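Student: Fold the following, please.
(2 chains)
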Amino acid sequence: MTRTLATWSNEVEVMFRPTRTYRRLAEEVDAKDVSTSVVWHAIRRPLFAAFMIGAFTSLTTSGQLNAFLVLDGMLFWSFVPLLQLLIMACLVLVFARRRLPAAKAIDLFFIGHGPWFLWLLAIAGSCLFIPTKQIFLWPVMSGWLMPISLLGVWAWSNVTTFGFLRGALNLTFARAATALLVYVFLLIGIISSYFFAVESLQLHRLVF
Amino acid sequence: MLPRYISEALLLLGLLGGTFRGPSQPMSPAERGGYKVVEADFHVHSHAGDGLLSPFGLVLFAQRQGLHAFAITDHNQIFAARAGRWFSHLIGGPTVIASEEITAPDYHLIGVGLTERVAWRQSLTDSLREIHRQGGVAIAAHPGRKYDHAFGPAIQDLDGAEIMHPLAHASSERGMDLRGFYQRGKAANPDLVAVGSSDYHWFNSLGMCRTYVFVRNNEQQEILDALRKGRTVVYDVEGNAFGDADLIALLQAQPIKRDLVDYDYSGSGAIDVVTRTCGWLGLVGLVFFRQRKRVLS
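Tutor: Prediction:
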């Protein structure tokens, strides 16, 4: 049986009803995906995530979608979606090897990046459309607004990830919580380790 | 509701406009009094540290911002600066000077023109000595009363101080603090040179605060020599000039045609506004709206 879907993207649906949406998405087969290669199925959404980061970089720095700056951001920030992909792929293998094909699991996982995309678009939009003195001074003048919004988005993305683990991978509550904690710990730990290793991040530093 | 294909078209329009419509900043330094006036930013961070752009992206962005030279000064490391210098040399871009922001608990010190990383676990005096051993120039980064106890005894060995920094835009008190440090330093060390830097990490502030360096050519060594000899002019938030009095007079007689505080994104004509809006709307459409498609269930 086939049916035509409504207008909102999967990212929007996952943002507001993560577990239920993921359960449905895990059962569905997109008619187009039947003929899609496994590799493309696995990398298309991580690539889009990298593209969004590149677009954010370009818009907030130059005020335009400059292809070179977009590519620069995509390439040099690709370690973030790549790291997420690798960690989640390992977790899928450990916790739910037979539940879903790996490519589909990764594809579904990255649908949960809606909160991050929303945040990137909101900041980029603010940069583009508000008086520009506040743009470059935002990190300095906004006080706690940026860190709080970042924390809020991070929490929201953890909710969608938990929904993926419960809905798409059908893990029990305990196993999903464990997998989420491992994911968060590894992701933040690896990224922080890099900054501590190059001594860009130091415990004594005060940030303006 | 915006069909998906309209989002893709808007995105394409934004990309084309953003890529092929560059800002009209002149690339060649202006000439005044027999000097080339190089517009430089001596405090810039890349994403290898805690910035947003890669060293390569910084080179491309610096060109758009009309900078002729800049120093990549990641915290306590120098490898990204070397990469930026290599890339800029490859594409004939601005002069990129390998540098470092030595970030210690009680001082932040810019070492401009370094060949090796300077360790931060040492006294300010030792850091200054190491910078000079490598032939570099030592600049106090965003100094103020908070760092007086560290910089005070070593002020004689300091080459320059940031008198202009985005903090001065955020707060008049911080601006006064920066100027106060420079004036106190200048009283103790008459050779102390005025520097304006953006301390760029993200958004559009690269080159927002800049130093006008008077040189014979745009080579790194000439720029470093000019810094040591104090051939700089910096403008504060109100447009007051600091630096060499003769060079200030040169610029007053023949100003360089640029807004002293240019907040706008490079390119703010109607077409630029349209293309950036289209690009942003295209992204919104791609994220929030789907293609109409069929699923098997």
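Student: What are the boundaries of the strands in the chain?
Tutor: Let's take chain A. Taking DSSP state E as the criterion, chain A carries its strands at A:2-4, A:29-30.
Student: my bad, chain B
Tutor: Assigned by DSSP E, the strands in chain B fall at B:30-32, B:35-44, B:69-72, B:95-104, B:107-112, B:137-140, B:160-164, B:193-196, B:211-215, B:232-235, B:241-243, B:294-296.
Student: so how many other residues sit close to residue B:20?
Tutor: Residues lying near residue B:20 (other Cβ atoms under 10 Å in any protein chain shown) number 10. (C-beta placed from N, C-alpha, C; glycine too.)
Student: Okay, the spatially most central residue of chain B and residue B:235: tell me how far apart.
Tutor: Within chain B, the residue whose C-alpha comes closest to the C-alpha centroid is residue B:41; the distance, by Cα atoms, centre = their mean, is 3.5 Å. Counting by Cβ to Cβ, to the nearest Å, the gap from residue B:41 to residue B:235 is 14 Å.
Student: who's in contact with the residue nearest to the centre of chain B?
Tutor: When contacts are counted by Cβ atoms under 8 Å, 6 or more residues apart in numbering or on different chains, residue B:41 is found next to B:62, B:67, B:69-71, B:197-198, B:200, B:206-207, B:209-211.
Student: For it, which non-adjacent residue is closest in space?
Tutor: residue B:70 (4.4 Å; Cβ to Cβ, 6 or more residues apart in numbering or on different chains).
Student: Can you get me a residue count around the one you found?
Tutor: 33.
Student: what does residue A:117 give?
Tutor: Residue A:117 has 25 neighbours, counted by other Cβ under 10 Å.
Student: do the same with residue B:109
Tutor: Counted with other Cβ under 10 Å, residues neighbouring residue B:109 total 26.
Student: Mind listing what's buried along the longest helix seen in chain B?
Tutor: If each helix of chain B is counted by residues according to DSSP state H, the longest one is helix B:270-288. By neighbour count with 16 or more other Cβ atoms under 10 Å in any protein chain shown, helix B:270-288 contains the buried residues B:272-273, B:275-288.
Student: Now do stretch A:92-112, average pLDDT.
Tutor: In this model, stretch A:92-112 carries a mean pLDDT of 88.
Student: and if you look at stretch A:149-160?
Tutor: Throughout stretch A:149-160, pLDDT has a mean value of 95.
Student: now what about it, what contacts it?
Tutor: Taking contacts as Cβ under 8 Å, 6+ apart, the residues outside stretch A:149-160 that touch it are A:14-15, A:18, A:112-116, A:118-119, A:180, A:184.
Student: mind running it again at 6 Å?
Tutor: Among residues not part of stretch A:149-160, those counted as contacts by Cβ atoms under 6 Å, 6 or more residues apart in numbering or on different chains are A:14, A:18, A:112, A:115-116, A:119.
Student: just to revisit the earlier point, okay, the strands of chain B in JSON lines with mean pLDDT next?
Tutor: As requested, these are arranged in JSON lines below (pLDDT from 0 to 100):
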{"stretch": "strand B:30-32", "mean pLDDT": "93"}
{"stretch": "strand B:35-44", "mean pLDDT": "97"}
{"stretch": "strand B:69-72", "mean pLDDT": "98"}
{"stretch": "strand B:95-104", "mean pLDDT": "96"}
{"stretch": "strand B:107-112", "mean pLDDT": "96"}
{"stretch": "strand B:137-140", "mean pLDDT": "97"}
{"stretch": "strand B:160-164", "mean pLDDT": "96"}
{"stretch": "strand B:193-196", "mean pLDDT": "97"}
{"stretch": "strand B:211-215", "mean pLDDT": "97"}
{"stretch": "strand B:232-235", "mean pLDDT": "96"}
{"stretch": "strand B:241-243", "mean pLDDT": "96"}
{"stretch": "strand B:294-296", "mean pLDDT": "56"}
